[in-house]
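J.: Prediction below, plus the sequence it came from.
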Amino acid sequence: MKFYAKNKIYFMLSLIIIIGLVMSLGASKFIFQKACLRRKIRWPDLGVADDWQYGILTDAYKIKKEENKKITITASDGTKLVGHYYERKKNAPVVIFFHGLWSNCYTGGVPIYRITEKNNWNILLVNLRAHGESEGAVSTFGALEKYDCRDWANWVTSEFGEKTPIFLMGLSMGGAIVMMSSDLELPESVCGIIDNAGFTSSLEMIKLNSKTKLHQEILTELFTLSVNVGTRIWGGFNLADANSCTALSRTKIPVLMIHGDQDTIAPISMAYNLYNSCQSPKQLYIFSGAGHTDCYEKDPEKYERIICEFIEKNRKGELSGSDPGKEDPGKEDPGKKK
């Protein structure tokens, strides 16, 4: 009787473990699908936009209709990626812009489009994988997109030559992506990286933002674990590969970081961690009162000046001889609010 009783206990424990594993896998698949699967992205409604948003949206619609060259490349994993190239002047710098998660290249690209147009620079507005016209069923939060960034830089070099200066710029997740790509074998013509509101790593970003909704540490840890497991099992990628700080610690490319001190999605602490991780010539500008991706709205003139100075300085290689372990003398104090 004792033997059968013991076997029954083992059987029940095994059954509970199996049910728990099945439920965990199901939960991880559900969370993965909600977080990563491609979705239909709608443009904001002009009818409810305030004056600032209305100006951005009307410009975005105009940019979409402006004369441009549609570019399609094949990523290293075979995914077809689409971008739109706007040429203003041959041999001028090319800014490759990467938008944020579940956004589009036009609305997020309005500020840099205006800046490049004013300065007669060229711009390539890129659709991230699983966004817009690009293929892909899954967003990998930078794990694969960083290689797409390299592929786009290689396309510009092959198309316009090694002497054409390239600047990689991104907004929100796009900012993280360009930083993640910084330690890859990029063309030597990549002169600088511009980040606006990027984050330190995808796992930290997920954990931080889930904590604000779940409120309990154990639930946050379980949610982050489920996402991490789900992306490996169902998505075939590892979120640990999407780390901006690690890449910045290895790069030699000059980096410009722009961040709002009221950012609740990628908090200002992330900007400081990114800055401290970076071992190349670097600049960090903090916009007082700006939230996530709001820096341009807070002070368009300052935003434009910072980017223009960075591009003009680095297109000529003026920072190439700087000691990567020291702060660039032209940068603002990252602890000083402007």
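T.: Received the coordinates, thanks. Numbering: from 1, shown residues only.

J.: only C-alpha atoms for contact and neighbour calcs from this point on.
T.: Fine.

J.: what about the strands in the stretch 51-200 of the chain?
T.: 69-74, 80-86, 94-98, 122-126, 166-171, 190-196 (DSSP state E, counting those that start in this stretch).

J.: In JSON lines: those strands, plus mean neighbour count, mean pLDDT and distance to Gln53.
T.: Converted to JSON lines, those look like this (neighbours: other C-alpha atoms under 10 Å; pLDDT from 0 to 100; distance: least, C-alpha to C-alpha, whole Å):
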{"stretch": "strand 69-74", "mean neighbour count": "14", "mean pLDDT": "98", "distance to Gln53": "26"}
{"stretch": "strand 80-86", "mean neighbour count": "21", "mean pLDDT": "98", "distance to Gln53": "23"}
{"stretch": "strand 94-98", "mean neighbour count": "28", "mean pLDDT": "98", "distance to Gln53": "20"}
{"stretch": "strand 122-126", "mean neighbour count": "25", "mean pLDDT": "98", "distance to Gln53": "20"}
{"stretch": "strand 166-171", "mean neighbour count": "27", "mean pLDDT": "98", "distance to Gln53": "17"}
{"stretch": "strand 190-196", "mean neighbour count": "26", "mean pLDDT": "98", "distance to Gln53": "18"}
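
J.: Same list (those strands) but as JSON lines, adding distance to Gly109.
T.: Listed next are the strands of the stretch 51-200 of the chain as JSON lines, based on distance: least, C-alpha to C-alpha, whole Å:
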{"stretch": "strand 69-74", "distance to Gly109": "16"}
{"stretch": "strand 80-86", "distance to Gly109": "11"}
{"stretch": "strand 94-98", "distance to Gly109": "7"}
{"stretch": "strand 122-126", "distance to Gly109": "7"}
{"stretch": "strand 166-171", "distance to Gly109": "8"}
{"stretch": "strand 190-196", "distance to Gly109": "12"}
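
J.: Tyr113: neighbouring residues, count only.
T.: Other residues near Tyr113 come to 24 when the count uses other C-alpha atoms under 10 Å.

J.: which one is Leu186 nearest to, not counting chain neighbours?
T.: Distance criterion C-alpha to C-alpha, 6 or more residues apart in numbering; nearest residue to Leu186, sequence neighbours excluded, is Arg150 at 5.8 Å.

J.: Relative to Thr79, how far out is that neighbour?
T.: 14 Å (C-alpha to C-alpha, to the nearest Å).

J.: Which one's more surrounded, the two?
T.: For Arg150 versus Thr79, neighbours defined as other C-alpha under 10 Å are more numerous around Arg150 (21 against 16).

J.: my guess is the more buried one contacts Met180, does it?
T.: No. With contact defined as C-alpha atoms under 8 Å, Arg150 does not count as touching Met180 (10.2 Å).

J.: picking up where we left off before, what sits against the residue nearest to Leu186?
T.: Ser181, Leu184, Glu185, Leu186 (C-alpha atoms under 8 Å, 6 or more residues apart in numbering).

J.: how about 10 Å then?
T.: Ala75, Ser76, Leu168, Val178, Ser181, Ser182, Leu184, Glu185, Leu186, Pro187, Val190 (C-alpha atoms under 10 Å, 6 or more residues apart in numbering).

J.: Same question for Ile112.
T.: Val95, Ile96, Phe97, Lys118, Ile123, Leu125, Met169, Gly170, Tyr296, Tyr303, Glu304, Ile307.

J.: What is the burial count for Ser76?
T.: Neighbour count of Ser76, defined by other C-alpha under 10 Å: 12.

J.: no no, Thr264
T.: Quick note: Thr264 (other C-alpha under 10 Å) scores 13 neighbours.

J.: What is the three-state secondary structure of it?
T.: Three-state call for Thr264 (DSSP: H, G, I helix; E, B strand; the rest coil): coil.

J.: For Pro111, see how far away it is.
T.: 21 Å.

J.: Check Ser201 too.
T.: 25 Å.

J.: So Lys62 is in contact with Gly109, correct?
T.: No. With contact defined as C-alpha atoms under 10 Å, Lys62 does not count as touching Gly109 (11.9 Å).

J.: so what's in contact with these two at the same time?
T.: Ile56.

J.: show me where this structure has helices.
T.: Using DSSP state H, the helices found in the chain span residues 2-36, 51-65, 110-119, 145-160, 173-180, 202-214, 217-230, 244-248, 268-277, 295-298, 300-315.

J.: Give me the angle between the fourth one and strand 122-126.
T.: Compare the direction of helix 145-160 with that of strand 122-126 by axes from the mean of the first three to the mean of the last three C-alpha atoms, to 10 degrees and you get 140 degrees.

J.: Likewise for the fifth one?
T.: Counting by the same axes, to 10 degrees, helix 173-180 points 110 degrees away from the direction of strand 122-126.

J.: For helix 173-180, list the C-alpha coordinates in CSV.
T.: Taking C-alpha atoms only, helix 173-180 is exported to CSV below (Å, rounded to 0.1, in the frame of the first residue of the first chain):
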residue,chain,number,x,y,z
MET,A,173,13.8,51.8,-30.4
GLY,A,174,15.4,53.1,-33.6
GLY,A,175,17.9,54.9,-31.4
ALA,A,176,18.7,51.7,-29.5
ILE,A,177,19.1,49.9,-32.8
VAL,A,178,21.7,52.3,-34.2
MET,A,179,23.6,52.1,-30.9
MET,A,180,23.4,48.3,-30.9
